[in-house]
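*Asks:* any chance you could fold what I've pasted below:
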Amino acid sequence: MSRFARRKSVQTEVLHALPYQECYAKTWVKPDGSIVFGRTVLNHCQIVGETARQLIALFPESLSQRLFPHGSELAAASHDIGKVSPSFAAKLQKAVGADYRLVPALSNAMPECESRWGGHAGVSQATAEALKAPKYVAEILGQHHGFNPQIDDKRAGDEVFGGQSWQEEREKLVEALKVALNSDWPVFQTAAQARIVAGLTSVADWIGSGSFFEDPDADWQPLIVQALTDAGFIRPQIIPELTFADVFDPEHRKMQPRLAQQLFFDQVKGPGVYILEAQMGMGKTEAALYAAYKLMASGQATGIYFALLTQLTSNKIYDRFNAFLEQIIHSDTPNRALLLHSGAWLLDTEMGEEGRPGGAWFNHKKRGLLAPFAVGTLDQALMAVMNVKHGFVRAFGLAGKVVILDEVHSYDLYTGTILNELTSFLRQIGCTVIILSATLSRQRREALIESSSAATDYPLITAVDESGNPPLESAVHQPDSPPVCVRLIPDDGKALEEALLRAEQGQQVLWIENTVAEAQQRYLDLASRVSALGCEIGLLHSRFTSTDRQRNEARWVSAFGKEGWHDRQKQGRILVGTQVLEQSLDIDADFLVSRFAPTDMLLQRIGRLWRHELTPRPSSARCECWLIAPNIEQALKNPTTAFGATASVYAPYVLCRSLEVWQTITQLVLPSNIRHLIDKTYQDREESGLWSELLRLLKKGSRYRTGEEALQSLARLTLSRDGKTLPEHKADTRYSDQQTREVLLVRSLRYDSEACVTRIRLLDGQEIFIPSRRHRLTKPQWRQLAVTLYQQVVSVKPSDCPSALSLGELEKLQLGQIFYLGNPQEDEALLRVATVLDSGEIRTLDGAAFGNEKSLEYRNDLGYRAIKYKE
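*Replies:* Predicted coordinates:
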C-alpha cells in the first residue's frame, strides 16, 4: 500500500464520528467545584422539548392552537443537534481537563474555530437545512442563542462540521427525538408564528439548562413542572366577577368608574387594538387595567405587560400595579408572591445560565417580559420586532398578553415607525393592545390602527377588534376643568423668584427641566434660599442609583400626592425634576414652572397642576403655569442658542412650531383645547424662509442631528430580519434619548488574591465580597448579591462616563459573576466602574481624576453630575 493510500485510510478512520449517544451537551460543576461531563445531547434535547411542551400548555387552548403549530416542541428539542460535532465535543473534553486529541474521532477537531460559523447553533441550522425541514425551522435552530449565525456557504456534510459521518449521527439524533416526543417538524403558517416558537425554544433551553437538570444521574421527567414554576412560569388564577370598586377601592368598595372609563372597558371585549385618548388625571391607567382584568378573567389573555414610554418614568407606577394585582390574583395561585413583587421575580426564580447573575437575561428590565405580569419600558417591547439579540424571546414573552402602552405621544417619528410595526405584530400573536394617550394626533392614531379615522372628538375611544370591521370611534363627553393661566417668560430669574415666593406662601411648586444637568443646576440655585425660608426642596431625575432614587421618589411623590394631603399645608415645597415628573405620576402641584418643550410634553406637565379637586391648597394659590421660553424670532434665527440644551433633546422645528402655537395662549381649558393644540402643532404645512430651513433640518438632518428621513430608514433597517443581528445596546428605540452606559459606583473595589474574593465597599459603607468560585455561594445568595450591586448602578451618557476597563480586567475583578459584560465578538457594551470619595468626587479604580475638561461627582441629593472646568 502506498504512503498516500495509507494516509488516506488513517484520515478516514480519524474522522469517523462519535455515536450521538456518547456526545455530551454540557459540563457539570459538582458541589465540590470539580468539573465533569453533564447531560448527553439526547438527554438535554429531550428535557428542552418536554419543557417547551409544558410551556405551551400554560397558554389557553385557543391561543396555543393559534401560536404553536403541532411539532413546535420538536423544533425546541432540536436546537442543540449541532453539538454532535467534533469541534464542540473537543471543547467539552478540554473543559473537563481531558486531551481531546487522544480521542480518535476528535484528533483533527478545531474547537477554537467554532466562532467562524456561530458555534454549535450554526451546525444545528445547517443540519436542519440538509434535512429539508419546513420553512423557518432551520433559522429557529440556528438563532437559539439570540442571533443569526453566519454560516455563509457551509453545508452540513462539510469537513469543518465533521463530514458525512457526523451528519449521519445528527440525523439519527433527530429521528430519536421524533420518537421520544412522538412529534414531527412544525409547519408554520406565518413568520409571526415562527418568531414566537424561536422565543419558546430559547426559553425552554434556559430552563432545561438550569439547576434542576444539572446532575446527569437524576431522573428529569418529574422535575419539569417544578422547574417551570421555579422559573416563574405560572398560570395565575384570576378572581372572577370583581367590580371596578372591588379592584381599586377594596377598603370601601364605593368607587364608581367615570363615564370614559366605563365606556372604554365596555369596548374591550377581546384581542385587538384599543386607544383611549383623554386628558391627564382622567384615570386612563385604571381603565386599562380593569379592561385587562376582564380579559384575563374570561380566559382571553395570559397576563399584562405595562409598557412605560421611557426608563425616566417613576418607579411609583409599580406600587399602583402591585396594588391592582393584590386584588385580582387568587390566594391559591402557586408562588403568588412572585407575581406581586418585581424584586421577588428576580430573586426567587431560577432561569438557567442566561438568567443567572452574569447572564444576559438576569437584568430585571428583560426578565419582566417573561413574567405573567410586569411593568417595563417601551423599548423592551419594541425590540420584539427588531433584528436584535433575543428579540424573539421578547416576542414570546408578550404573546397572548394585554400590552398596555402608556402615554404614547405624537412626537418622535423614529419610535413611531417601530411602534407601528409592534402594534401590527402584537395583533398577529393574540395580544390585546391598549394605547393610552393624552396627546395623539390623527395621523398617529391612523398609523397605529392601520385604518383611516375621521373623528375629531376629545376624549375619544377607538376600538379595532379581530372581526375586520372598520374602527369603532366613540366620543366621550367630559366637562372642562377650571382654566389654567399660562405665562411665557424669557429667563430663569423671574421664575426663580416666583417659585421661592410661592413656596414661602406654603404652596407646593413643581419645576421641570429638559435635561438632568439643568435640573441639577436649578436645584443648586434654589436649595440654600429655600432652606432659609423654612421650606423643603427635592430633586428627581434618572441619574441616581436605584437605592437613592427609590428613597427620593417615595418621599417626594408621596408629598405631592394624595398620601401627603395631611402634611401639605405644614410648609411650602419645591420639587425640581426632569421628564420623570411628566409621566404616569399622580402628583399635584399648586404652581408649575417648566422649561419649554413640544406641545405633547407641555400638556403632560400641566396635567400635574391642580390635578385633584379636593387637594388642600393655600388661599394664595392660583392655577398657573409659567413656561420659560425664548422669543419666537430669536428661536427661528438660532434655535440652538435660543433653546439651549433643550434643542439637543427635541427637534428645533417641533420646538418652534410648538412655540408658535403657545405664543398667544394666556389661558388653557382642558380637555377642550387639547385636540386643537396637538393638531395645530403637528399638521403638515408648506414652509418658507427660516421655517423652511428648520423643516429641511428636521427631514434631512445635520452633522449634529439625524434627520427624520434617515431615522425612518434606520428604523426600517432595524426591523429587517436580514443581515447581522444587532447587539442590544446598539438597538436604539428612541430618538430623543441619548445612548447611555451603566456605571457601577462604589467606595472601593479590589481583588484579594489570598482569599480569592473581590472586596467591595458600597456607598453606604456596607462591605460585600464576590467569590472567585461559584460553588462558594448558593444560587439564592448569588441572586441577592447581584440585586444589591445592581442597586449601585447609574445610567450615564458616554461622554460623562469614567474610562472603560477591558473585558479581561472586569473578569479579573469577578464582575462577570454578577453583571453581563458582553460578548466581544458581538461588540456588546461593557460595564464602567468608578469609586466615589467621601467628598462626592468620582475617581477611577486606581484613584485618578476623571480628566482635564470636567470632573465627576455623586451626591445622594444631587445624583451623578459632570462639572466642566472653567476656562
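*Asks:* and Val247, what does it touch?
*Replies:* Leu289, Tyr290, Tyr293, Phe324, Gln327, Ile328 (Cβ atoms under 8 Å, 6 or more residues apart in numbering). Where you see a C-beta, it was placed from the backbone N, CA and C, and this is true even at glycine.
*Asks:* go on, Val160?
*Replies:* So Val160 contacts Ser87, Met110, Cys113, Arg116, Trp117, Lys154 (Cβ under 8 Å, 6+ apart).
*Asks:* quick check, it in a helix?
*Replies:* Yes: the assignment for Val160 by DSSP: H, G, I helix; E, B strand; the rest coil puts it in a helix.
*Asks:* please report how far it lies from Ala25.
*Replies:* 20 Å (Cβ to Cβ, to the nearest Å).
*Asks:* what's the neighbour count on Ala399?
*Replies:* A count of nearby residues for Ala399, using other Cβ atoms under 10 Å, gives 27.
*Asks:* next one: Asn514
*Replies:* 23.
*Asks:* cool, and Ile632?
*Replies:* 15.
*Asks:* Ile537 falls within a strand, correct?
*Replies:* Yes: under three-state DSSP, Ile537 sits within a strand.
*Asks:* the stretch 251-400 of the chain: strands as residue ranges?
*Replies:* For the stretch 251-400 of the chain, applying DSSP state E, counting those that start in this stretch gives strands covering 272-277, 304-308, 373-377.
*Asks:* domain ranges for this protein, per the record?
*Replies:* 13-230, 244-475, 484-668, 741-868 (automatic domain parsing).
*Asks:* among the ones you listed, which is nearest Arg705?
*Replies:* Comparing these against Arg705 with Cβ to Cβ, the closest turns out to be domain 484-668 (7.4 Å).
*Asks:* ends of that closest one, how far apart?
*Replies:* 5 Å (Cα to Cα, to the nearest Å).
*Asks:* nearest residue to the middle of the protein?
*Replies:* Central residue of the chain (Cα atoms, centre = their mean): Gln380, 3.2 Å from the mean position.
*Asks:* wait, what's in contact with that one?
*Replies:* Ala307, Lys365, Lys366, Gly368, Leu369, Arg394.
*Asks:* in CSV: those, plus pLDDT, distance to Thr333 and neighbour count.
*Replies:* Formatted as CSV, the contacts of Gln380 follow (pLDDT from 0 to 100; distance: Cβ to Cβ, whole Å; neighbours: other Cβ atoms under 10 Å):
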residue, pLDDT, distance to Thr333, neighbour count
Ala307, 89, 24, 27
Lys365, 68, 24, 13
Lys366, 71, 24, 22
Gly368, 74, 18, 20
Leu369, 81, 20, 24
Arg394, 92, 24, 24
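*Asks:* out of those, the closest to Ile434 would be?
*Replies:* Ala307 (10.0 Å).
*Asks:* for the nearest residue to Gly397 once chain neighbours are set aside, what are its contacts?
*Replies:* The shortest distance from Gly397 to any residue other than its chain neighbours is 3.6 Å, reached at Leu369 (Cβ to Cβ, 6 or more residues apart in numbering). Residues in contact with Leu369 (Cβ under 8 Å, 6+ apart) are Tyr305, Gly376, Gln380, Ala381, Ala384, Val393, Arg394, Gly397, Leu398.
*Asks:* can you list the strands of the stretch 251-400 of the chain in JSON lines and add distance to Arg747?
*Replies:* Output for the strands of the stretch 251-400 of the chain, formatted as JSON lines (distance: least, Cβ to Cβ, whole Å):
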{"stretch": "strand 272-277", "distance to Arg747": "48"}
{"stretch": "strand 304-308", "distance to Arg747": "32"}
{"stretch": "strand 373-377", "distance to Arg747": "30"}
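*Asks:* grab the two from the contacts of Val160 that are most spread out in space.
*Replies:* Pairwise over the contacts of Val160, using Cβ to Cβ, the maximum falls at Met110 and Lys154, 13.2 Å.
*Asks:* Trp691 against Ala635, yeah?
*Replies:* No: Trp691 is beyond contact range of Ala635, at 11.0 Å (criterion: Cβ atoms under 8 Å).
*Asks:* which of those two has more neighbours?
*Replies:* Ala635 (23 against 16).
*Asks:* give me the three-state assignment for the more buried one.
*Replies:* helix.
*Asks:* identify the residue spatially nearest to it, adjacent ones excluded.
*Replies:* That would be Ala642: by Cβ to Cβ, 6+ apart, it lies 4.2 Å from Ala635.
*Asks:* the one you found sits in which helix or strand?
*Replies:* helix 639-643 (DSSP states H and E).
*Asks:* who's in contact with Val225?
*Replies:* Counting by Cβ under 8 Å, 6+ apart, Val225 has contacts Gln54.
*Asks:* and Ser648, which of the three is it?
*Replies:* Ser648 falls in the helix class when you classify it by three-state DSSP.
*Asks:* please read the previous query as pertaining to Val403.
*Replies:* Note that with three-state DSSP, the state of Val403 is strand.
*Asks:* what does the model give it for pLDDT?
*Replies:* On the pLDDT scale, Val403 is placed at 96.
*Asks:* you'd agree it is up against Gly303?
*Replies:* No: between Val403 and Gly303 there is no contact under Cβ under 8 Å: 9.7 Å.
*Asks:* between those two, which one's more packed in?
*Replies:* Each of Val403 and Gly303 has its neighbours counted (other Cβ under 10 Å); Val403 has more, 25 against 22.
*Asks:* after the least confident helix or strand in the chain by mean pLDDT, which helix or strand is next?
*Replies:* Between all helices and strands in the chain, the lowest mean by mean pLDDT, DSSP states H and E belongs to helix 3-14, at a mean of 38. Note on helix 3-14: by DSSP H and E, the next helix or strand toward the C-terminus is strand 27-29.
*Asks:* just the buried positions in that following strand, please.
*Replies:* Within strand 27-29, the residues that qualify as buried are Thr27, Trp28, counting by 16 or more other Cβ atoms under 10 Å.
*Asks:* closest one of the contacts of Val160 to Leu785?
*Replies:* Ser87 (34.7 Å).
*Asks:* list the buried ones in the helix or strand containing that closest one?
*Replies:* If you go by DSSP H and E, Ser87 is part of helix 86-95. Going by neighbour count (16+ other Cβ under 10 Å), the buried part of helix 86-95 is Pro86, Ser87, Phe88, Ala89, Ala90, Lys91, Leu92, Gln93, Ala95.
*Asks:* stretch 419-426 too?
*Replies:* Leu419, Asn420, Glu421, Leu422, Thr423, Ser424, Phe425, Leu426.
*Asks:* what's the closest non-adjacent residue to the third one?
*Replies:* Okay, so that is Glu421. Nearest non-adjacent residue to Glu421 (Cβ to Cβ, 6+ apart): Val385, at 4.9 Å.
*Asks:* list the contacts for the one you found?
*Replies:* Val385 neighbours (Cβ under 8 Å, 6+ apart): Gly391, Ala395, Ile418, Glu421, Leu422, Phe425, Leu719.
*Asks:* let's see that with 7 Å instead.
*Replies:* Ile418, Glu421, Leu422, Phe425, Leu719 (Cβ atoms under 7 Å, 6 or more residues apart in numbering).
*Asks:* fine by me, we can end here.
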